[in-house]
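Visitor: below is the sequence, then the predicted model.
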Amino acid sequence: MTRTAENTRTGIDAALEDFTIHMKHKLLLTRHRPHWANSNLRFLMGRAGEELDELQAAIKSGDRKSIVREAADVANFCMMIADNAQWSGTRAWDSHEGT
């Protein structure tokens, strides 16, 4: 797929589709860990900060693959924070969800 630097719906959708593949891959690698619904926002924010430090190091190194991997980690922790904030106390978590 050819990508352009345009803020069109197609361009935005393509960027999101590409990036969420990396996010999903990273999440699947850690499926054995407890679900983030069991983590408080302060813990998740701390982990997001750690991942942001790793992203900064990757950017400094110039390694594009590392930059994408670390950006996916940061995005995943931000997603977890948003997911917990949105759904906290409003849905019953199934401990076997997604298995």
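Guide: Great, that's in hand.
Visitor: alpha carbons only for contacts and neighbour counts from here, please
Guide: OK.
Visitor: which phi and psi does Pro8 have?
Guide: You called it Pro, but residue 8 is Thr. Phi and psi for Thr8, reported as degrees, to the nearest 10, are phi -100, psi 160.
Visitor: what's the local residue count around it?
Guide: Thr8 is flanked by 10 other residues according to other CA atoms under 10 Å.
Visitor: low-confidence ranges, the protein, go.
Guide: Across the chain, the ranges flagged by pLDDT under 70 are 1-4, 89-99.
Visitor: at 50 instead, please
Guide: 93-99 (pLDDT under 50).
Visitor: closest to the centroid, which residue in it?
Guide: Ranked by distance to the mean C-alpha position of the chain (CA atoms, centre = their mean), the top residue is Asn76 at 1.7 Å.
Visitor: checking that residue next. Helix, strand or coil?
Guide: helix (DSSP: H, G, I helix; E, B strand; the rest coil).
Visitor: ok, now Ile21?
Guide: Classified using three-state DSSP, Ile21 is helix.
Visitor: and what of Lys65?
Guide: With three-state DSSP as the basis, Lys65 sits in helix.
Visitor: swap in Asn7?
Guide: coil.
Visitor: got phi/psi on it?
Guide: phi -90, psi 60.
Visitor: okay, now it: neighbour count?
Guide: For Asn7, using other CA under 10 Å, the count is 9.
Visitor: now do Arg64
Guide: Residues lying near Arg64 (other CA under 10 Å) number 11.
Visitor: what sits against it?
Guide: If you count contacts by CA atoms under 8 Å, 6 or more residues apart in numbering, Arg64 has them with Ala58.
Visitor: and if we set it to 10 Å?
Guide: Ala58, Glu70 (CA atoms under 10 Å, 6 or more residues apart in numbering).
Visitor: how far away is it from Ala37?
Guide: In this view, Arg64 and Ala37 are 31 Å apart by CA to CA, to the nearest Å.
Visitor: is the residue nearest to the centre of the chain in contact with Ile21, as I believe?
Guide: No: counting by CA atoms under 10 Å, Asn76 does not reach Ile21; the two are 11.4 Å apart.
Visitor: mind listing the shared neighbours of those two?
Guide: If you check Asn76 and Ile21 against CA under 10 Å, 6+ apart, the residues they both contact are Leu27.
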